[in-house]
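Q: Structure for this input, please:
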Amino acid sequence: MAGIGFELRRLSQQQTLSALLGAFGHAAVIAAGPWLFTIISLATISLISEQVTGLAKLATFRAIIIYAFAVSLVLTAPVTIVATRLVADALWLKKPERVRPLLYGAYVTAIAVVSTGVAALALYFRMTPVLGVALLASSLTVALIWVALSFCGAVRDYRGVTIAFATGLFTSVLAGTAAAIMGLSAAGIAWGFVAGLGLTFLLLTLRVLDTFPARLDRPELGFDMILGGFRTYRYLALGALAGTAAVWIDKWIFWFSPIGEVVVGGLVHAPLYDSAMFIASLVIIPALAVFVVQLETDFFERYQHYFSTIANHGTLRQIERARGRLAAFTLDQLVLVTVMQVGICAVLVLLAPLIVEFLSLQFQQISILRYGALGAVFQFIFISSTSMLLFFDRRRLYLALQVLFLGLNAGLTLLSVHLGETYFGVGYFAACLIASFVAYLAADRTFDRLNFLTFLGNNPSIRAATNSARRRQLLSHLARQRRGLSPNTDQG
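A: Below is the predicted model of the structure:
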């Protein structure tokens, strides 16, 4: 996040309350802008228009938007993570002219995969053409926002990004509520919602194009670069696909469980589980905002210092000292942010009965809300720990952890459905708990072995060796040499 990261560092260094609040607010938009957009706008539209529209129509409208976010997030995650890596490579190589074709290539790829996914869903649920087209428009618009937001990390205009979401949010609420009051169908309300999403997408795109104004001579270049990125960074793409599917797999299982309900139009959902879990997921947003600020300020400075020490031929003692500072700071900050999130979670757990009553939810959703809030604490640890692995290019380990989380959430959620209503939400909580523990150990071990990984384990010249037996022999030999060096040895 070269651009916004720079701006967040500048804000956080001002040491004023307004600057710090601004940094955390903009970080929250970057970390969870689309999610905040959806929660606030859906709640507002439902609250204002429920008496006029009726519950059945609003349920169909909410189902369309929820499906749009689920489909777009899962199917575009491989595109966004590969595109983000390619943008980072382009900026590192001082070739900003690659950013614009990458943006267009990512858009084309996202449109292709999401259109295919929505078409399959429409056929499976036998949706009417009106609802199918509304779902397609919603899914494509949200998908393009995910892609645009990933590119906005390189834009030095955090205010523009925040304003884009605020403007789109206001437009969605206004247009969606107007459509509901006018008596339009669920598809019509969805189109009003999409109007705001489309405005946000256009504003985000304009920010990227304004920052990277290079001419585009070959329109197909970006698509070719994205396809090449999938080959080079296939573990990243698969990891992102598994990780986002893991976020939704428990909801999908409940949708098709005995508590699932069918809305007008054929889509299934589970409001008993969904609404409580969506509220609980809000717990993670403050922690993610703090994490983004820490990632882009103090962590980034120590990260740069470590690798600049190596690039400047620092001694083994200096390199080890830089590694120790980086590891200690990162893990300590992760613990501190987690403690903050535990406090927020405790408040939500204690106030769960009041929240359920205020939002007119059902009594049995109290336990789901509590388990969801507890699970969100550990999901934050999982997200943070696996994100750290990507800074040190541990792509295979990242993929393995995402697959682990996917398998745990699927298996334990199926078990909780089988055990009955008392255990709803326990599967998600247990999956987050186990996956976060494993991910934290992986991150801790990565920091502990960082020197070895930097010089040997992740060395491209060693990894590129074609003879696997020879490569293992070389790694073993170099590891023995490393163990023979004391960290206090003053060698360059």
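Q: The helix or strand hosting Ala431 - contacts with which helices or strands?
A: Per DSSP states H and E: Ala431 is located in helix 426-448. In terms of contacts (3 or more Cβ pairs under 8 Å, 6 or more residues apart in numbering; DSSP states H and E), helix 426-448 is packed against helix 234-255, helix 316-350, helix 365-391, helix 395-419. Yep, even glycine has a C-beta here, placed from its N, CA and C like the rest.
Q: out of those, nearest to Ile66?
A: When the helices and strands packed on helix 426-448 are compared by Cβ to Cβ, helix 234-255 sits nearest Ile66, at 8.3 Å.
Q: could you dump the helices and strands packed on helix 426-448 to a markdown table with distance to Leu103 and mean pLDDT?
A: Below are the helices and strands packed on helix 426-448 laid out as a markdown table (distance: least, Cβ to Cβ, whole Å; pLDDT from 0 to 100):
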| stretch | distance to Leu103 | mean pLDDT |
| --- | --- | --- |
| helix 234-255 | 18 | 94 |
| helix 316-350 | 31 | 87 |
| helix 365-391 | 21 | 91 |
| helix 395-419 | 23 | 95 |
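Q: Would you mind giving those helices as TSV with mean neighbour count added?
A: Below are the helices and strands packed on helix 426-448 laid out as TSV (neighbours: other Cβ atoms under 10 Å):
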stretch	mean neighbour count
helix 234-255	22
helix 316-350	17
helix 365-391	23
helix 395-419	20
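Q: nearest to Pro213, of these?
A: The nearest among the helices and strands packed on helix 426-448, by Cβ to Cβ, is helix 234-255 at 28.3 Å.
Q: Could you spell out the sheet neighbours of the helix or strand just after the closest one, each with its direction?
A: With elements assigned by DSSP H and E, the helix or strand that comes after helix 234-255 is strand 261-262. According to DSSP bridges, strand 261-262 has the following sheet partners: strand 268-269 (antiparallel).
Q: follow-up on the earlier one: how far off centre is the next helix or strand after the helix holding Ala431?
A: Sequence-wise, the next helix or strand downstream of helix 426-448 (DSSP H and E) is helix 450-452. Between the centre of helix 450-452 and the centre of its chain there are 28 Å (Cα atoms, centre = their mean, to the nearest Å).
Q: just to revisit the earlier point, possible to save the helices and strands packed on helix 426-448 as CSV with distance to Val87?
A: Below are these laid out as CSV (distance: least, Cβ to Cβ, whole Å):
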stretch, distance to Val87
helix 234-255, 13
helix 316-350, 24
helix 365-391, 14
helix 395-419, 17
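Q: can you tell which of those is closest to Val79?
A: So among those, helix 234-255 is nearest, using Cβ to Cβ, at 8.0 Å.
Q: Can you list the neighbours in contact with that closest one?
A: Helix 234-255 is contacted by residues 70, 73-74, 77-82, 85, 230, 260, 268-270, 273-274, 277, 386, 390, 395-396, 398-399, 401-403, 405-406, 409-410, 413-414, 417, 424, 427-428, 431 when judged by Cβ atoms under 8 Å, 6 or more residues apart in numbering.
Q: can you give me the offset of that helix from its chain's centre?
A: Taking mean C-alpha positions (Cα atoms, centre = their mean), helix 234-255 and its chain are 11 Å apart.
Q: Report the angle between that helix and helix 426-448.
A: Here helix 234-255 points in a direction 160 degrees away from that of helix 426-448 (axes from the mean of the first three to the mean of the last three Cα atoms, to 10 degrees).
Q: C-alpha coordinates for helix 234-255, CSV please?
A: C-alpha atoms of helix 234-255 as CSV (Å, rounded to 0.1, in the frame of the first residue of the first chain):
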residue,chain,number,x,y,z
ARG,A,234,-0.6,-19.4,-8.1
TYR,A,235,-0.2,-20.2,-4.4
LEU,A,236,-1.3,-16.7,-3.5
ALA,A,237,-4.3,-17.0,-5.8
LEU,A,238,-5.3,-20.4,-4.4
GLY,A,239,-4.7,-19.2,-0.8
ALA,A,240,-7.0,-16.1,-1.4
LEU,A,241,-9.7,-18.3,-2.9
ALA,A,242,-9.5,-20.8,0.0
GLY,A,243,-9.4,-18.0,2.6
THR,A,244,-12.4,-16.1,1.4
ALA,A,245,-14.4,-19.3,0.9
ALA,A,246,-13.5,-20.1,4.5
VAL,A,247,-15.1,-16.8,5.6
TRP,A,248,-18.4,-17.8,4.0
ILE,A,249,-18.5,-21.6,4.3
ASP,A,250,-20.2,-21.6,7.6
LYS,A,251,-23.0,-19.3,6.2
TRP,A,252,-23.4,-21.5,3.1
ILE,A,253,-23.7,-24.6,5.3
PHE,A,254,-26.5,-23.0,7.4
TRP,A,255,-28.2,-21.8,4.3
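Q: Now do it against helix 395-419, angle only.
A: 10 degrees.
Q: In terms of residue numbering, what are the domains of the protein?
A: 1-232, 263-448 (automatic domain parsing).
Q: how many neighbours does Phe452 have?
A: 16 (other Cβ atoms under 10 Å).
Q: Would you check how far apart it and His305 are?
A: 19 Å (Cβ to Cβ, to the nearest Å).
Q: Check the average confidence over the helix or strand encompassing Thr177, would you?
A: Following DSSP H and E, the helix or strand that holds Thr177 is helix 158-181. On average, the pLDDT along helix 158-181 is 84.
Q: Wait, a helix at Arg218?
A: No. Counting by DSSP: H, G, I helix; E, B strand; the rest coil, Arg218 is not found in a helix; it is coil.
Q: still on that earlier bit, ranking the domains of the chain by mean pLDDT, which is last?
A: domain 1-232 (a mean of 82).
Q: still on that earlier bit, could I get the domains of the chain in a markdown table, plus columns for distance to Ala242?
A: Output for the domains of the chain, formatted as a markdown table (distance: least, Cβ to Cβ, whole Å):
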| stretch | distance to Ala242 |
| --- | --- |
| domain 1-232 | 9 |
| domain 263-448 | 4 |
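Q: Kindly indicate whether Met127 is helix, strand or coil.
A: Applying three-state DSSP: Met127 is coil.
Q: which residues touch it?
A: 121, 135, 265-267.
Q: In strands, which of these fall?
A: In strands, defined here by DSSP state E, there are no members of these.
Q: By neighbour count, which of the residues you listed wins?
A: Leu135 (26 neighbours).
Q: I'd say it and Ala70 touch.
A: No. Applying Cβ atoms under 8 Å, one finds Leu135 not in contact with Ala70, separated by 11.0 Å.
Q: before we move on, the earlier item: for the contacts of Met127, work out which two are farthest apart.
A: Leu121 and Gly265 (11.5 Å).
Q: need the contact list for the residue lying closest to Ala435 once chain neighbours are set aside.
A: Nearest residue to Ala435, sequence neighbours excluded (Cβ to Cβ, 6 or more residues apart in numbering): Phe405, at 4.1 Å. For Phe405, the contacting residues are 242-243, 246, 382, 431-432, 435, by Cβ under 8 Å, 6+ apart.
Q: Ok, Ala280 next?
A: So Ala280 contacts 348, 368-373, 375-376 (Cβ under 8 Å, 6+ apart).
Q: Now the two most distant members of the contacts of Phe405.
A: Farthest pair in those, by Cβ to Cβ: Ala242 and Cys432, 15.1 Å.
Q: residues near Ile259, how many?
A: As a burial measure, Ile259 scores 14 neighbours (other Cβ under 10 Å).
Q: wouldn't it be in contact with Tyr273 here?
A: Yes. Counting by Cβ under 8 Å, Ile259 touches Tyr273, with 6.8 Å between them.
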